[in-house]
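[1] Prediction below, plus the sequence it came from.
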Number of protein chains: 2
Amino acid sequence: MSTVSNAKERLANFVREVWSEGNVEAADEYIAPRYKVLHDPGDRWEGRERDLAGYKERVSALRAAFPDQCFDIQGLFADGDAVVATWFRSATHKGDIPGFPATGKVIRMSGATAYYFEGDRLAAHWQITDRLGVYQRLQAAKKRDLICATQAALHPAWHCTGRAAGACG
Amino acid sequence: MSTVSNAKERLANFVREVWSEGNVEAADEYIAPRYKVLHDPGDRWEGRERDLAGYKERVSALRAAFPDQCFDIQGLFADGDAVVATWFRSATHKGDIPGFPATGKVIRMSGATAYYFEGDRLAAHWQITDRLGVYQRLQAAKKRDLICATQAALHPAWHCTGRAAGACG
């Protein structure tokens, strides 16, 4: 990348187009021929290198249960061939994931990702996400649904109210 | 800070002296009069500003259950007044924490922290740690201890073997 501000702008555009807006094909413009997930606890591709098609498959798989997900970048830090992003993600839990059938609830999470460029292409990342926060929110949503279902069965006139929507979108 | 490399070196020294070696008083040399925990899910000081004494109290409290903890920095990224560190932590679980009496097991975790300088002093951080990974490892250790205790009760000649030590130290 020619300048630090270019690298930051390019990363922000990539996150918005590919991960928030779900334009999977836009990955063609950003991803290197080989892309490595250096570190990403809980990600099934951790430690693996993929080609562009594999990267697109990853985006589709990770967006499936949260199709309206939106990333709100908190900070961008460029140094050498890397740009680190700190972020919040807001997403409606619309698809089933292991142990958690879709709840329809807005789930917020946070994370930090160090992206590595090769020229103007992204070639790797090292990421931490607050998985426990998501797990706790999904558990709470499951519990609320159970309480709602029980209440609705006992008191047909009773209505469950959902949570307020997140900040994104 | 005068240069980017100075800021990185200073942050690495701070993490080693204060957080790995447990030299709490060394915080005098690194921490600003007011220090804010901007974001740190699960941390009881999240969103709060503390003075230097409060910061030292935080270090002591967080090291209590893991007194030999050691941070292995993976990457340092300096930009403007911030330095981001990506890291692994290795620590023996020697003290009780809620829900998990001391197991004596080495627990590894990873995280990413954006530190903000005011001059040559650290004034704030925004952090994500893989809390779910720690929770899962503690759960597994608890389960192993239960199996060990059961086996030892049934077969007095049987010995439980611990896990290999982590990379640090």
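    Thanks, I have the structure now. Numbers count the residues shown, from 1 in each chain, chains lettered A, B, ... in the order given.
[2] check contacts around A:Lys56.
    Contact partners of A:Lys56, counting by C-beta atoms under 8 Å, 6 or more residues apart in numbering or on different chains, are A:Val24, A:Glu25, A:Ala27. All C-beta spots, glycine's among them, are computed from the backbone N, C-alpha and C.
[3] What subset of those is buried?
    Taking 16 or more other C-beta atoms under 10 Å in any protein chain shown as the criterion, what is buried in those is A:Val24, A:Ala27.
[4] So which residue is smack in the middle of chain A?
    Using C-alpha atoms, centre = their mean, the residue of chain A that lies closest to the mean C-alpha position is A:Arg89, 6.0 Å off.
[5] angle of the one helix or strand it maps to against strand B:82-92?
    For A:Arg89, the element it lies in under DSSP states H and E is strand A:82-92. Angle between the axes of strand A:82-92 and strand B:82-92 is 80 degrees (criterion: axes from the mean of the first three to the mean of the last three C-alpha atoms, to 10 degrees).
[6] what packs against strand A:82-92?
    helix A:4-14, strand A:70-79, strand A:106-118, strand B:70-79, strand B:82-92, strand B:106-118 (3 or more C-beta pairs under 8 Å, 6 or more residues apart in numbering or on different chains; DSSP states H and E).
[7] Check which residues of the third one are buried.
    So that's strand A:106-118. Buried positions in strand A:106-118, judged by neighbour count with 16+ other C-beta under 10 Å: A:Val106, A:Ile107, A:Arg108, A:Met109, A:Ser110, A:Gly111, A:Ala112, A:Thr113, A:Ala114, A:Tyr115, A:Tyr116, A:Phe117.
[8] so what secondary structure elements neighbour that strand?
    Using 3+ C-beta pairs under 8 Å, 6+ apart, the elements in contact with strand A:106-118 are strand A:82-92, strand A:121-129, helix A:131-154, strand B:82-92, strand B:106-118, strand B:121-129.
[9] Check the residue nearest to the centre of chain A and give its pLDDT.
    Confidence at A:Arg89, expressed as pLDDT, is 96.
[10] For it, give me its contacts.
    With contacts defined as C-beta under 8 Å, 6+ apart, A:Arg89 is in contact with A:Gln69, A:Cys70, A:Phe71, A:Asp72, A:Arg108, A:Met109, A:Ser110, A:Gly111, A:Cys168.
[11] any idea how far chain B is from the residue nearest to the first one when sequence neighbours are not counted?
    It stands for A:Gln69. Sequence neighbours aside, A:Ala91 is the residue nearest to A:Gln69 in space, at 3.6 Å (criterion: C-beta to C-beta, 6 or more residues apart in numbering or on different chains). Applying C-beta to the nearest C-beta, to the nearest Å, the value for A:Ala91 to chain B is 16 Å.
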